[in-house]
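>>> sequence? don't have it. structure:
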């Protein structure tokens, strides 16, 4: 006899308030569950909670927090919670080395390794660390095709600019998570890769026709659906070819979420919104409660919120009023709650096992095995773009100057070199200081961070070249830096600068291995 609760029986017994609550995934402040958060779990019956870096102090603390949240839900007679996090690798990681977890390279770095199996291995290791502290949902992978060098928000979060490759790596990542008990959510549907605006701030637009969307943007999402991805996250981006309503983001669009995703593509997994508290919505006339109702009516199952419980309650009240009046039909609400309960049943979350010994959670995070894997993947990603002047490898004992942007802090220390720290957009005095230090002809390593956005970085490198030919650049975000620094004789792409990546950069420069990474994006 099965002990797994039956979703249909649970659904039949639920009150209208419990059903509405299941639609909400809420954020909160601080490392502990305060009374206001516990009220959301207990009395508003929320379906899930999302953790950010502000909620993470240590493996033990996260395990104790997730146990308390799950126990609160169960004691109140609610289903177990989705407990979610954004853990993509690279820049988007809430579980970091400084608080006791393993950091892994970015998606673009994994794309540069050329082998989708690396995405699967990385996701499996991430899932093991998440499960060790009671997390069961990862809002990853990023399935955006990064074919726009001016994209300010995706960049290295994407596996690359080739739709088929993004599909392969994304599907492998999904399998790595879900085979190890963590729900994967591919994002940001229908595709955030070809945008020049950050949707955290305002509303981007993807103006392409339907044929182009089919050939590029949709490809990784269709592959993810084939790979049984548990969920898809919507983009706060407008797609006039799918929904011609001016300024209508995909998150709030029935033609996108219902007509395209559900009906045409036949997807029956979970659809979650990107955070409804992001600037793109509010700036365009959709405050949180309005956006919540509109997103649900468009076809979303799960509504994602950040930290403001007053907004969460207002959204709950707006949804409840619409359901009570019949403007949200009962069968539409039941369809979403049924999908939520089915996913929770499949992944053992309706009545979840708590972390057995929170004090020992750290034994399963930041393991030697995971650190070794992270370093191995980071090394496989390092791409030698050119070494025309044969400046590499660095020779033992030679004089070096490392000029570091903030993202790459620590590289000079790893190389035992003189170090100068600069801002992303260095001013004239910083450039003059760097040029002064480089005049003696020593090899100069400059870490560039999105140099195509910062004229100061370009000016710095070009002025260094006028006094010293021995310049090596290491791009620690996207490799598009090379397009604005064509005169540099030696260039490496690292696709990040977190701890394993910095170690890999140092090892590559010192000749401890030969870089084999393959450029995963097309340089204009």
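Sure thing, it's come through. Since we're looking at a predicted model, the values are computed, not measured. Residues are numbered from 1 along each chain as shown.
>>> Please enumerate the strands of the stretch 101-250 of the chain.
Using DSSP state E, counting those that start in this stretch, the strands of the stretch 101-250 of the chain run over residues 137-138, 183-189, 231-234.
>>> Against residue 517, how distant is the spatially most central residue of the chain?
The centre of the chain sits closest to residue 88, judged by CA atoms, centre = their mean, with a distance of 4.1 Å. Distance of residue 88 to residue 517, given as CB to CB, to the nearest Å: 19 Å. Placement of C-beta: from N, CA and C, glycine included.
>>> and what of residue 398?
In this structure, residue 398 and residue 517 are 25 Å apart, going by CB to CB.
>>> elements contacting the lowest-mean-pLDDT helix or strand in the chain?
Lowest on mean pLDDT, DSSP states H and E among the helices and strands of the chain sits helix 279-282, with a mean of 82. Counting contacts by 3 or more CB pairs under 8 Å, 6 or more residues apart in numbering; DSSP states H and E, helix 279-282 packs against helix 288-298.
>>> Show me which parts of the least confident helix or strand of the chain are buried, residue by residue.
If you call a residue buried by 16 or more other CB atoms under 10 Å, then helix 279-282 has these buried ones: 280-281.
>>> Equivalent analysis for stretch 44-58, please.
For stretch 44-58, by 16+ other CB under 10 Å, it's 44-51, 55-56, 58.
>>> cool, stretch 29-44 as well?
Within stretch 29-44, the residues scored as buried using 16+ other CB under 10 Å are 31, 33, 37-38, 40-42, 44.
>>> Repeat that for stretch 387-407.
391-392, 394, 400-405, 407.
>>> any chance of those in a markdown table, with distance to residue 449 too?
Compiled in a markdown table, these are given as follows (distance: CB to CB, whole Å):
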| residue | distance to residue 449 |
| --- | --- |
| 391 | 21 |
| 392 | 21 |
| 394 | 21 |
| 400 | 20 |
| 401 | 18 |
| 402 | 14 |
| 403 | 11 |
| 404 | 9 |
| 405 | 4 |
| 407 | 5 |
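>>> and which of those residues is nearest residue 71?
residue 407 (39.6 Å; CB to CB).
>>> My read is that that closest one contacts residue 497, right?
Yes. Assessed by CB atoms under 8 Å, residue 407 is found in contact with residue 497 at 4.7 Å.
>>> Quick check: neighbours shared by those two?
Taking CB atoms under 8 Å, 6 or more residues apart in numbering as the criterion, residue 407 and residue 497 both touch 447, 449, 476.
>>> Most neighbours out of these, which is it?
In terms of neighbour count, residue 447 stands highest of the shared contacts of residue 407 and residue 497 at 29 neighbours, by other CB atoms under 10 Å.
>>> who does it bridge with?
When assigned by DSSP bridges, residue 447 has beta-bridge partners residue 474.
>>> Contacts only, for it.
Counting by CB under 8 Å, 6+ apart, residue 447 touches 402-405, 407-408, 411, 473-476, 497.
>>> how close does it get to residue 477?
Using CB to CB, we find residue 447 at a distance of 10 Å from residue 477.
>>> Show me whatever sits in contact with both of these two.
residue 407.
>>> give me phi/psi at the residue of the chain most remote from its centre?
Residue farthest from the centre of the chain, counting by CA atoms, centre = their mean, is residue 440 at 42.6 Å. With angles defined as degrees, to the nearest 10, residue 440 sits at phi -80, psi 0.
>>> Pretty sure residue 217 sits against residue 207.
No. Shown here, residue 217 and residue 207 do not form a contact pair, counting by CB under 8 Å, at 11.9 Å.
>>> out of those two, which sits in the more crowded spot?
Using other CB under 10 Å as the criterion, residue 217 and residue 207 rank with residue 217 on top: 26 against 10.
>>> Give me the pLDDT value at the closest residue to that one other than its chain neighbours.
Excluding the flanking residues, the one nearest residue 217 by CB to CB, 6 or more residues apart in numbering is residue 191, at 3.1 Å. Note for residue 191: predicted pLDDT of 95.
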